[in-house]
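Participant: sequence plus predicted model, see below.
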Amino acid sequence: GEQVEQRPPHLSVREGDSAVITCTYTDPNSYYFFWYKQEPGASLQLLMKVFSSTEINEGQGFTVLLNKKDKRLSLNLTAAHPGDSAAYFCAVKNNAGAKLTFGGGTRLTVRP
Amino acid sequence: EAAVTQSPRNKVTVTGGNVTLSCRQTNSHNYMYWYRQDTGHGLRLIHYSYGAGNLQIGDVPDGYKATRTTQEDFFLLLELASPSQTSLYFCASSDRDWGAASQNTLYFGAGTRLSVL
């Protein structure tokens, strides 16, 4: 089945710095890609999603890049602020069924 | 706004105990899911369902049963709880349509923290 590896598990940056979180997946039929944000003690909220036909998606200060050749998905934050401190999870789904496979998560800390 | 309600929010039981976690969604969604969240593992799928009476096995089903009694209600059952099942459990729902133009995603409940002593 699908395997999703997410790196790094922990990331600490200063306010205004950039941050990059990367996921690699194994299923070449993966078609839908999601990033979820989980604030401390809270549930998961959708941050962004990208489909196989889209390589770049932007919004809320984040950019998602999809490299299908390398089976790599990245979440790029260009100017972090303390409100971005949270856990981030990538999730991947193929073009059949309804099952999402999640990465292990990245705990991002943004220091003032 | 999609609504997924889990109960209880916290539960403590002993090894060998019997636990039922409840989830109700009022989104008229077809799919419902049970995930467990553990540090370093992200979210792992236990069971999911396409609709009332349907059950699909996820990636980590051992030690868990599930039942979808109605469109709205999905239950996770631990009949002989073990300490390895201490975790944070999330229920989620989603619609049928996953097409590129769809706004569909997983909508998560607030989670149930289970401790098995």
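Facilitator: Cool, the structure landed.

Participant: how far away is the residue lying closest to A:Asp84 once chain neighbours are set aside from B:Gly16?
Facilitator: Spatial nearest neighbour of A:Asp84, chain neighbours left out: A:Val110 (5.2 Å); criterion: Cβ to Cβ, 6 or more residues apart in numbering or on different chains. The C-beta positions use only the backbone N, C-alpha and C, and glycine is treated the same way. Distance of A:Val110 to B:Gly16, computed by Cβ to Cβ, to the nearest Å: 44 Å.

Participant: likewise A:Gly103?
Facilitator: Counting by Cβ to Cβ, the gap from A:Gly103 to B:Gly16 is 33 Å.

Participant: more crowded one of the two?
Facilitator: A:Gly103 (27 against 10; other Cβ atoms under 10 Å in any protein chain shown).

Participant: how close does the more buried one sit to chain B?
Facilitator: Plainly put, A:Gly103 is 5 Å away from chain B if you go by Cβ to the nearest Cβ, to the nearest Å.

Participant: residues of chain A that sit close to chain B?
Facilitator: By Cβ under 8 Å from any Cβ of the partner chain, the part of chain A that sits against chain B consists of A:1, A:4, A:6, A:9, A:32, A:34, A:36, A:42-46, A:49, A:51, A:53, A:89, A:91, A:93, A:98-105.

Participant: if we go to 6 Å?
Facilitator: Counting by Cβ under 6 Å from any Cβ of the partner chain, the residues of chain A lying close to chain B are A:43-44, A:46, A:51, A:89, A:98, A:102-105.

Participant: among those residues, which two are most distant?
Facilitator: Greatest spatial distance among these (Cβ to Cβ): A:Ser43 and A:Phe51, at 23.9 Å.

Participant: returning to what we had before: would you list the residues of chain A next to chain B in JSON lines and tack on pLDDT and secondary structure?
Facilitator: Below are those laid out as JSON lines (pLDDT from 0 to 100; DSSP: H, G, I helix; E, B strand; the rest coil):
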{"residue": "A:Ser43", "pLDDT": "92", "secondary structure": "coil"}
{"residue": "A:Leu44", "pLDDT": "93", "secondary structure": "strand"}
{"residue": "A:Leu46", "pLDDT": "90", "secondary structure": "strand"}
{"residue": "A:Phe51", "pLDDT": "78", "secondary structure": "strand"}
{"residue": "A:Phe89", "pLDDT": "96", "secondary structure": "strand"}
{"residue": "A:Ala98", "pLDDT": "82", "secondary structure": "coil"}
{"residue": "A:Phe102", "pLDDT": "94", "secondary structure": "strand"}
{"residue": "A:Gly103", "pLDDT": "95", "secondary structure": "coil"}
{"residue": "A:Gly104", "pLDDT": "94", "secondary structure": "coil"}
{"residue": "A:Gly105", "pLDDT": "95", "secondary structure": "coil"}
